[in-house]
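Colleague: Sequence and computational prediction follow.
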2 protein chains.
Amino acid sequence: MFKPITIKDIALALDLSASTVSRALSDSYEINPETKKRVLEYAEKNNYKRNPIALSLKQRKSYSIGVIVCEVANSFFSQAIDGIESIAYKNGYNIVISQSHDSSDQEIMNIQHLANRSVDGILISLSAETTNFDHIQKLHGAGLPIVFFDRIYDGLATHKVSSDNKKGAKMATQHLINKGYRKIAHLANAPHLSITKERLAGYQEALTENGFKVDPSNITYCHHGGSSQKEVDTAVQYFLSMKDKPDAIFVASDRLSIGCLTALKKFSGNNYDPAIAGFSNSDVLDLFKSDFSSIRQPAFEMGRVATDLLIQLIESKYPVHEYQSVVLGTELIERIKSKPRN
Amino acid sequence: MFKPITIKDIALALDLSASTVSRALSDSYEINPETKKRVLEYAEKNNYKRNPIALSLKQRKSYSIGVIVCEVANSFFSQAIDGIESIAYKNGYNIVISQSHDSSDQEIMNIQHLANRSVDGILISLSAETTNFDHIQKLHGAGLPIVFFDRIYDGLATHKVSSDNKKGAKMATQHLINKGYRKIAHLANAPHLSITKERLAGYQEALTENGFKVDPSNITYCHHGGSSQKEVDTAVQYFLSMKDKPDAIFVASDRLSIGCLTALKKFSGNNYDPAIAGFSNSDVLDLFKSDFSSIRQPAFEMGRVATDLLIQLIESKYPVHEYQSVVLGTELIERIKSKPRN
DNA sequence: ATGAAAGCGCTAACAA
DNA sequence: TTGTTAGCGCTTTCAT
């Protein structure tokens, strides 16, 4: 079938030893330029390619990094992946993407799969469901480099890259307040996620600073990150069921923003039209939903930074003990209008 | 650092030979149940994991398949990837995704990278730019299993999975005609892509059957698949510059649909508002652009079928010479209104 | 039922 | 400068 040419073949053909060929190929200096040329030419002519698997086995290194996100069909993550790619490729690394679909079990399976010595390190944004970190803990303890991005787990001493969620949430909430909205609800992600807590804190801080009281009944969580629309529907219906309905909603994520707008479109009659501001990196939404304000995260940059840190970790000669927590700024795109007087 | 336990370690600890341990682990039957139990228990307790790289080297098989698409941040492809995942994982395969970003050079690099014996087969949807197939040809000739999906290259004898592009395009065009539109332009993808030709054919057939004449000046191509918005802007501006502007546009792809709507929003004044129907798998667009009719492709299913065929190819004992071309149906989601009389 | 040995493709320490 | 040898972790004849 598919039997590529090996170093041995070259050695045989050129009447050299395998090691000499290897040396020629890896541009070692302790070699006769003449021999080197012969080898290189022969290799080129016969389309020789290093077998990366053999190399991996030998070097205990695969030059590939695992990426775990909840889903690629999400503007934020696909942009982050582009950033990851850009740095990984530049450094000679492959990336292996797997999706948790916000399921903790799936995430564990993915991690195990990747960790089985086939990736040199892992870049992970946690699933909405994950509350138990044993598997990650263990792997990290065993020496596998791991860098968190976006959805962080603070309990692990390693590099972390996220955006300034609190500030972003605060900006968004303040923006709603500025526009005249007075009962601002919060559609939140799974409660244990780092981003959930931070965004909640920003929301609360904005309210408090403006003399509003924080009413827990104005906050609904989506425990599965909105991975099923039903979950979001339920949350939105809850808002709709309130006697005094919110006049604005601050939505915690890209996924939820889409889900929330979908649900509102489905359930709310013409007489109810709350202002919406939410985290979102969707170009499409931004473009066609003209009354939706969004907080944009520097997803591409986040991917780049996280990958850079991971590769540093992987390639470090000595165990690293100083870990960084990088926090990137967000941007508010204002689209909603002032609240109409009535 | 990260030094996992190996078969040797187990053998040493249990005073057995490596081969016996291997047999126990791989559930061979020529082994003493007692020994087997001991090994299994020890392995379990010490968290033994097979080294997949060593296995790959030995078996000349990596249990991973490469996927090449233009970008994951595209509803159609991300849905297809979900389908690919579902089948791949079920069969014990990993997937390695890489993006061509519709650049031919990038695509070649990706293919080379994947093909270097580190994947067992490749699933590919061609980049918009690709006109030279030598690299694919060569790899396929060398025995690497390749399955095309969506954007096919007919010149290669292998499995192909696509949707019924011609029919879909025809439906869409007919739909526009039914709604009363008379000058229907076509915003097409790169001219050499299979999908471009098929969709063009459907468009033309619908026009012809309805007694319209096909006017080439109503057709604009995006040679890079709309990977830069500028390209789409130019195309749309061309339509806008026409003396007799089209009253409807049939758009060839997901990416282009978004690009086209974006461009129209940017450039067209209030006095020009053509009806748009296009290929798109975007939930968001579907939801919030209420006057946009879309042709939906069974992306998930396409991914499933293609992966299934690829795995068949990979696991076939004998060279396969009978290749399938699977064509899946599309669905038209009608949203645009009838043309207003004036 | 178990072990010894070879080999997958490659590199690197050591010898020559 | 080049060759020899061993070994990365695993499976698989072939002996025992």
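Modeller: That came through, no problem.
Colleague: Poorly predicted segments of chain A, please.
Modeller: For chain A, the stretches with pLDDT under 70 are A:1-2, A:117, A:270, A:342.
Colleague: how about the residues of it near DNA strand D?
Modeller: Within chain A, the positions near DNA strand D by Cβ under 7 Å from any atom of the strand are A:15-20, A:23, A:29-32, A:34-36, A:54, A:57-58, A:60. Every residue, glycine included, has its C-beta placed from N, CA and C.
Colleague: Show me what residue A:69 bridges to in the sheet.
Modeller: Taking DSSP bridges as the rule, residue A:69 bridges to residue A:99.
Colleague: how much space is there between it and residue A:77?
Modeller: 4 Å (Cβ to Cβ, to the nearest Å).
Colleague: Give me the common contacts of these two.
Modeller: Each of residue A:125 lies in contact with both residue A:69 and residue A:77 under the rule Cβ atoms under 8 Å, 6 or more residues apart in numbering or on different chains.
Colleague: Shouldn't residue A:185 be within a strand?
Modeller: Yes: assigned with DSSP: H, G, I helix; E, B strand; the rest coil, residue A:185 falls within a strand.
Colleague: Find the nearest non-adjacent residue to it, please.
Modeller: residue A:246 (3.6 Å; Cβ to Cβ, 6 or more residues apart in numbering or on different chains).
Colleague: Surely that neighbour and residue A:239 touch.
Modeller: Yes: using Cβ atoms under 8 Å, residue A:246 is in contact with residue A:239, at 5.6 Å.
Colleague: Now do the shared contacts for these two.
Modeller: A:185, A:274.
Colleague: So which bits of chain A are right by DNA strand C?
Modeller: Counting by Cβ under 7 Å from any atom of the strand, chain A comes close to DNA strand C at A:3, A:6-8, A:18-19, A:22, A:25-26, A:50-51, A:54-55, A:57-59.
Colleague: Which of those residues are buried? Put it as a PyMOL command.
Modeller: Burial among the residues of chain A next to DNA strand C is assessed by 16 or more other Cβ atoms under 10 Å in any protein chain shown; the matching PyMOL selection reads:
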select buried, chain A and resi 6+7+22+25+50+51+54+55+57
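Colleague: Next step: the residues of chain A next to DNA strand C restricted to helices.
Modeller: Among those, the ones falling in helices (DSSP state H) are A:7, A:8, A:18, A:19, A:22, A:25, A:54, A:55, A:57, A:58, A:59.
Colleague: which two in these are spaced the farthest apart?
Modeller: Using Cβ to Cβ, the pair of those lying farthest apart is A:8 and A:59, separated by 18.8 Å.
Colleague: Does residue A:92 touch residue A:63 like I think?
Modeller: Yes: Residue A:92 is in contact with residue A:63 according to Cβ under 8 Å; the separation is 5.8 Å.
Colleague: neighbour count winner among those two?
Modeller: Neighbour count, other Cβ atoms under 10 Å in any protein chain shown: between residue A:92 and residue A:63, residue A:63 has more, with 17 against 10.
Colleague: From residue A:99, how far off is the closest residue to that one other than its chain neighbours?
Modeller: Ranked by Cβ to Cβ, 6+ apart and with sequence neighbours excluded, the top spatial neighbour of residue A:63 is residue A:93, at 5.3 Å. According to Cβ to Cβ, residue A:93 stands 20 Å off from residue A:99.
Colleague: for residue A:191, same thing?
Modeller: Distance from residue A:191 to residue A:99, by Cβ to Cβ: 22 Å.
Colleague: With neighbour numbers in mind, choose between those two.
Modeller: Each of residue A:191 and residue A:99 has its neighbours counted (other Cβ under 10 Å); residue A:99 has more, 23 against 14.
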